[in-house]
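Colleague: got a predicted structure here, sequence first:
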Amino acid sequence: MAGAAQIDALQVPVSGGDLAVFRLGGGPPVVAVHGITSSSRAWLVVARALAGRASLLAVDLRGRGHSNALPGPYGLRAHVADLVAVLDALGLERAVLAGHSLGAYVVARFAVEHAELTRSVVLVDGGLAIPGTEGVEPQQFADAFLGPALARLQMRFSSAEEYQRWWRRHPALGDLSVEDDDLLAYAMHDLDDGRPAVREEAVRADVLGLVDTAYAHQLAVPATMLVAPRGLLDDPHPMQPLDAAQAWVAEDPARRSAQLVEGVNHYTLTLGSAGAAAVADAIATVA
């Protein structure tokens with residue numbers, strides 16, 4: 001993993017304990033928020049692609065990674081409160097925030113409720129309505145949409161290497177756009193006594209955030225959206241269709257922009273080299 005970003009571990013006091021935050025790389029700080037069953041290590045490849053143009057303050061959301069011991073309540077409101085604590089603890093008066101998947105919904109809400117603390121946001125394949133969610137009961141949606149991810153939370157792995165191999169067999173990560181070393185680093189961080197370090201109750205609470213799309217439309221700060229043409233299983237059904245992103249831009253074209261990143265899916269948009277390079281460029285432009 002040539003040129004791996006430096007990682008500095010931080011602990012930020014929040015309700016119920018300490019939130020784990022990791023400074024990835026060097027340069028102007030950007031707060032980075034991962035997806036619903038992910039962790040801070042989803043940003044490793046993006047941090048490397050930034051190459052000093054910005055550092056990522058990558059959080060482990062409560063209930064995940066090294067923050068998995070933090071209790072509920074979960075949900076967007078709790079995550080926004082945790083991010084306020086991060087900015088306060090690190091002395092950031094106004095921040096650039098980037099969010100992938102669920103993280104995009106979190107930072108959109110943060111930017112609406114705390115516009116005075118926000119310079120701009122980068123929404124990575126998230127923030128808008130997910131096709132098929134209209135009129136569907138949220139937990140039914142969770143089971144259908146997150147099926148393989150929820151099943152993973154019940155599995156046990158004998159080592160990080162076994163977990164890495166599981167990820168390599170995932171339909172979205174079967175090609176070589178994601179390096180083995182990056183998958184191993186992701187797997188090592190996401191294991192807690194042989195199980196993924198993600199609380200299922202956090203996932204089930206947070207899934208409500210994936211249907212809470214009003215905040216992206218209410219944004220009154222500069223905002224960039226990147227979308228993948230393929231979905232969570234490398235299927236041809238994007239989580240955020242380009243036409244929806246373009247319609248969102250049309251609501252406020254002076255402050256919004258959208259970009260389709262060709263050749264990636266929902267996962268490889270941050271974990272693969274080509275996707276991470278596009279995300280890094282978008283972050284560096286506003287950092």
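Modeller: Now that the structure is in, tell me what you want to look at.
Colleague: packing partners of the helix or strand hosting residue 187?
Modeller: Here residue 187, judged by DSSP states H and E, is contained in helix 180-189. If you count contacts as 3 or more C-beta pairs under 8 Å, 6 or more residues apart in numbering; DSSP states H and E, helix 180-189 packs onto helix 44-50, helix 160-169, helix 268-271. Where C-beta positions appear, they are placed from N, C-alpha and C, glycine not excepted.
Colleague: show the subsequent helix or strand relative to the shortest one.
Modeller: Just to be clear, that refers to helix 268-271. Next helix or strand after helix 268-271 toward the C-terminus (DSSP H and E): helix 273-286.
Colleague: so which bits of that following helix are buried?
Modeller: Of all the residues in helix 273-286, those buried under the rule 16 or more other C-beta atoms under 10 Å are 273, 274, 275, 276, 277, 278, 279, 280, 282, 283, 284, 286.
Colleague: now do the helix or strand hosting residue 112: everything it contacts.
Modeller: In the assignment (DSSP H and E), residue 112 maps to helix 102-113. Helix 102-113 is contacted from outside by 31-36, 61, 76-77, 79-80, 83-84, 97-99, 117-118, 121, 123-127, 206, 209-210, 212-213, 215-216, 218-221, 223, 225, using C-beta atoms under 8 Å, 6 or more residues apart in numbering.
Colleague: and the next helix or strand after that helix, how far out from the chain's middle?
Modeller: The helix or strand immediately downstream of helix 102-113 is strand 118-124, counting by DSSP H and E. Computed by C-alpha atoms, centre = their mean, to the nearest Å, the chain-centroid distance of strand 118-124 equals 12 Å.
Colleague: repeat that for stretch 120-134.
Modeller: Stretch 120-134 sits 11 Å away from the centroid of its parent chain (C-alpha atoms, centre = their mean).
Colleague: quick check: mean pLDDT of that stretch?
Modeller: Stretch 120-134 carries an average pLDDT of 93.
Colleague: do the same with stretch 180-191
Modeller: On average, the pLDDT along stretch 180-191 is 95.
Colleague: can you list the buried residues in that stretch?
Modeller: Of the residues in stretch 180-191, 182, 183, 184, 185, 186, 187, 189, 190, 191 count as buried by neighbour count, 16+ other C-beta under 10 Å.
Colleague: just the CA atoms of that stretch, as CSV, please.
Modeller: Extracted C-alpha coordinates of stretch 180-191, given in CSV (Å, rounded to 0.1, in the frame of the first residue of the first chain):
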residue,chain,number,x,y,z
ASP,A,180,-5.7,-6.2,-1.0
ASP,A,181,-3.8,-4.1,1.5
ASP,A,182,-6.7,-1.6,1.6
LEU,A,183,-9.2,-4.4,2.1
LEU,A,184,-7.0,-5.9,4.9
ALA,A,185,-6.8,-2.5,6.7
TYR,A,186,-10.5,-2.1,6.4
ALA,A,187,-11.1,-5.7,7.8
MET,A,188,-8.6,-5.3,10.7
HIS,A,189,-10.4,-2.1,11.9
ASP,A,190,-13.8,-3.6,11.5
LEU,A,191,-13.3,-6.7,13.6
